[in-house]
Each structure stands twice: as C-alpha cells, then as structure tokens.
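Asker: I would like to see how this sequence folds:
(one chain, ligands or ions: 2)
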Amino acid sequence: MRVLLFTGKGGVGKTTASAATAAAAAARGSKVLVLSTDPAHSLGDALGVPLGATPTEVDTGLYAMQVDAQRAFERSWREIQSYLSSMLERAGVDALQAEELTVLPGAEEVLALLEVTRQATSGPWDLVVVDCAPTGETLRLLALPEALTWYVERVFPAQRRALRAVRPLLSRVSGPAVPREDVFDAVERLHRELLQVRAVLTAPTTSVRLVLTPEAVVVAEARRTLTSLALYGYRVDGLLANRVFPQSQDPFLAGWAAAQAAQLEAVRADAGGLPLLVSPYRADEPVGLAALTEVGRQLYGEADPAPVPQDLPDLLDVRPSSDGFELTMTLPLARREDLELTRTGDELAITVAGHRRVLALPSALRRCTVADATLRSGRLVVRFEPDPDLWMRS
Ligand SMILES: Nc1ncnc2c1ncn2[C@@H]1O[C@H](COP(=O)(O)OP(=O)(O)OP(=O)(O)O)[C@@H](O)[C@H]1O
Ligand SMILES: [Mg+2]
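Answerer: Ligands and ions are numbered 1, 2, ... in the order given. Reported below is the predicted structural model:
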C-alpha cells in the first residue's frame with residue numbers, strides 16, 4: 001500500500017495538491033483515497049462535495065474522507081495528557097524529558113494518524129493520500145510515536161510497578177494525584193496503536209511531499225521542515241512549488257516572476273537532487289474535480305504521480321571506524337546554526353530548529369564518549385571513541 005503525505009506551511013496549497021494528486025492517480029486506474037485531517041473541512045470544499053467520516057466516492061476510483069475527532073477519544077486523550085504532565089511535574093523530570101513530552105499533539109492529529117493507519121493496513125486502496133495539518137502540527141504528529149515509545153519504555157514500567165506496590169495504601173487516602181489503572185491501560189493501548197502508525201509512516205512505501213510557494217519566508221520554513229522530517233526518519237520524495245507566476249510583460253507580474261525564479265533556483269540548488277514539481281498560478285481558484293484534475297495533469301503529465309521512492313539514502317547508520325564508531329544521519333538542507341547535540345547517559349539528543357529526536361544508543365556506543373560531530377553536505381557525522389573507564393567497569 002502506497003501512502004503519500006502532503007505537508008507545508010499554512011495556505012501554500014496542501015489540500016489542492018493532495019486532491020489533484022489523488023485525482024491524477026485515480027485517472028490512471030488506481031483505487032485512491034484522499035484523506036484530510038483538517039477540521040476546517042477544506043478538502044470537501046476543494047472537491048466541491050460534502051465529505052464524512054467514511055470514504056465517499058467522488059469519481060471512478062477516487063474516494064475522499066474527512067477525519068473527525070470524536071468526542072470520546074478527545075476526552076480520553078485529554079485525560080492521558082493531563083496525567084502525563086502532572087506526573088512529570090511531581091517526578092521532577094529534567095528539562096530534556098519534560099520538553100520531550102510537551103510535543104504531544106492534540107486529539108485531532110492523533111485520531112487522524114490512527115485513521116490513516118487503519119485505511120492503509122485494511123482498506124482496499126492502491127494509494128492513500130493524506131492532506132496534513134500545517135507544518136508545525138504535522139512534525140509533532142510525526143514525532144509522537146517515538147516520544148511515547150521513549151516514555152512507555154523508560155518511565156512507565158517503573159511508575160506502574162511502584163504504584164502497584166503502594167496502591168492498597170493509597171486507595172484509602174485516595175486523592176486526584178493517584179492515576180487510575182485505566183489510564184495506564186489507555187496509555188499502553190495508545191502506545192501499541194502508535195507503534196503501528198509509526199510502522200506505516202516509516203514503511204518504504206510511504207513518503208512525504210513538501211509543498212511550498214517560492215517566497216523567501218515560505219522557503220526558509222520549508223528548509224527547516226525538510227531537515228526535521230529527515231531527523232524523525234521520514235522519507236521525503238519531492239518538493240512541490242505552487243502558485244508559480246508565468247513570465248509576463250506586465251511589470252508587476254514580471255517583478256514577482258523574477259523574485260520567484262530566484263527562490264526556485266536556490267531551492268533547486270540545495271535540494272540535493274530531490275525532484276521539484278511546479279504548479280503554475282492559475283487565473284482562478286482550482287475548485288471542483290475538473291479544475292483539480294487539470295492541476296494534476298499539469299503537475300504529472302502522463303507520469304505516475306506516486307511511484308514508490310527509490311534510491312533514497314539511508315537516514316541513520318552506525319559503523320565501526322579506525323578509532324571507534326561513526327554515527328551518520330542524513331539531514332538534507334540542514335544548517336549548522338540550527339543543529340544541537342546533547343549526550344545524556346545512554347542517549348543522544350539531536351535538535352534541529354526546536355525539533356528533538358532522542359536516540360537510544362546501541363550498547364557499543366554507550367561505552368564511548370562523543371569525540372566530535374561534523375555536518376557536511378547534508379550529512380551529520382558523530383564520532384564516538386571508546387572510554388577506557390566505561391569499558392573497564394563491565
Ligand atoms: N496554483 C494555484 N493557483 C491559484 N490558486 C490556488 C493554487 N493552488 C491553490 N490555490 C488556492 O489557494 C487557496 C489555498 O490553497 P489550499 O487550501 O490548497 O492550501 P492549504 O495549504 O491546504 O491551506 P491550509 O494550510 O489552510 O490547509 C485555495 O483557495 C486554493 O484554491
Ligand atoms: Mg488545507
């Protein structure tokens with residue numbers, strides 16, 4: 001099952017690109033579902049069809065749906081969330097861990113992810129296209145399974161064991177601070193589901209396409225998004241530049257066209273060979289199936305709009321070197337000033353423009369010290385050297 005996610009800054013054309021791509025794939029005979037996580041119902045508006053929480057057939061082979069956050073889920077999610085943060089406060093967790101948990105997204109995003117996974121694993125689709133929320137939320141959403149894994153594996157078991165031991169005492173003086181067993185169960189269930197979500201999102205048949213408009217501010221954000229996506233281990237298979245002005249004699253339009261051309265040139269130069277699709281600025285809003293199909297044709301021509309990505313570099317790699325080990329991470333378009341590394345015990349935290357990934361180090365690396373780190377042509381290389389003290393101890 002092929003899964004394609006569209007993300008990008010607010011208003012750049014994610015919904016339009018998702019619908020146009022889905023229409024183009026359906027026109028070639030695929031069975032396609034386009035799914036929106038936007039509570040504003042804009043996918044239905046773009047297609048000109050009211051959508052519900054189950055797939056609606058919009059055209060031959062083309063289905064669309066709108067994920068709606070159900071109240072019940074929202075309640076239990078809020079309960080989990082408030083429990084996690086109150087527990088953290090009481091446990092006096094350090095800043096790094098607390099920050100890790102503040103990236104938990106809202107119920108809509110979590111629910112959307114679960115629905116994407118359900119459709120991708122058991123739906124009849126050849127292709128599932130996901131119209132994601134704007135950049136910030138999407139990144140948080142993509143980080144969630146890992147953040148929760150970290151939490152469930154490290155903090156949770158000890159907490160739960162400790163609580164089991166003291167519960168008989170506590171229940172007599174029960175106060176709001178004592179988490180109920182069902183909260184634990186809910187967190188564990190959610191964690192299991194999110195592991196499936198992560199499996200779907202990081203599968204070789206899943207990729208992310210980043211939509212941008214060729215303007216300095218948008219391009220700057222797209223850069224950071226691209227680096228952060230790589231950081232979390234998601235495959236980006238291309239960039240889509242939308243609302244590109246045509247060449248014109250009119251001085252106003254010519255000015256815009258020239259400024260955009262310069263931005264596009266910079267994006268092309270730094271994209272490290274990622275394909276760049278271009279969608280022209282249209283004279284009217286591309287609303288309705290006919291207009292979206294036309295946008296799809298302009299984008300992809302007769303080509304497959306969603307081929308399985310090939311030959312993408314390994315995102316994370318650890319191998320022995322002459323004097324220790326080298327951990328390499330592919331971070332396209334990363335800038336040195338946006339990058340931060342922190343080693344805490346057996347974990348290495350890598351932060352890019354506010355997004356953090358905590359890597360649990362393999363045992364060989366745990367007994368090493370970080371010698372240095374370099375960033376060269378989109379690759380971060382961290383050198384580890386054996387620490388004699390640590391090797392002696394065990
Ligand atoms: N190439 C284009 N030419 C002209 N208008 C466009 C083009 N692409 C998108 N639009 C219009 O721009 C507006 C924003 O597009 P769209 O809703 O696809 O953006 P979005 O990234 O999904 O926004 P949001 O972040 O709010 O979800 C819509 O009115 C859409 O019809
Ligand atoms: Mg949208």
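
Asker: Go ahead and confirm residue 117 touches residue 192.
Answerer: No: with contact defined as Cβ atoms under 8 Å, residue 117 does not count as touching residue 192 (11.4 Å). Where you see a C-beta, it was placed from the backbone N, CA and C, and this is true even at glycine.

Asker: Follow the chain on from the helix or strand of the chain with the lowest mean pLDDT and name the next helix or strand.
Answerer: When each helix and strand of the chain is scored by mean pLDDT, DSSP states H and E, helix 95-102 comes last, with a mean of 50. The helix or strand immediately downstream of helix 95-102 is helix 107-122, counting by DSSP states H and E.

Asker: Show me where the protein dips below the pLDDT cut-off.
Answerer: 69-77, 79, 81, 83-109, 135-152, 154-183, 272, 311-315, 332, 390-394 (pLDDT under 70).

Asker: Ligand 1 contacts on that one?
Answerer: Within the chain, the positions lying close to ligand 1 (Cβ under 6 Å from any ligand atom) are 10-16, 38, 42, 134, 242-243, 279, 281-282, 285-287.

Asker: Buried subset of these, written for ChimeraX?
Answerer: Filtering the residues of the chain next to ligand 1 down to the buried ones (16 or more other Cβ atoms under 10 Å) takes a single ChimeraX command:
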select :12,13,14,15,16,38,42,134,242,243,279,286
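
Asker: Filter the residues of the chain next to ligand 1 down to the ones in strands?
Answerer: 242, 243, 279 (DSSP state E).

Asker: and which of these is nearest ligand 2?
Answerer: residue 242 (11.8 Å; Cβ to the ion).

Asker: what's the residue nearest to residue 289 when sequence neighbours are not counted in contact with, if anything?
Answerer: Using Cβ to Cβ, 6 or more residues apart in numbering and skipping the chain neighbours, the partner closest in space to residue 289 is residue 59 (5.8 Å). The contact partners of residue 59, taken as Cβ atoms under 8 Å, 6 or more residues apart in numbering, are 23, 26, 289.

Asker: Likewise for residue 58?
Answerer: 47, 49, 64, 289.

Asker: Now, the residues you listed that are in helices?
Answerer: Among those, the members falling in helices (DSSP state H) are 47, 289.

Asker: May I ask which of the contacts of residue 58 has the most neighbours?
Answerer: When neighbours are counted by other Cβ atoms under 10 Å, residue 64 leads these with 27 neighbours.

Asker: Which strand residues bridge that residue?
Answerer: Beta-bridge partners of residue 64, counted by DSSP bridges, are residue 34, residue 56.

Asker: Appreciated, that's everything.
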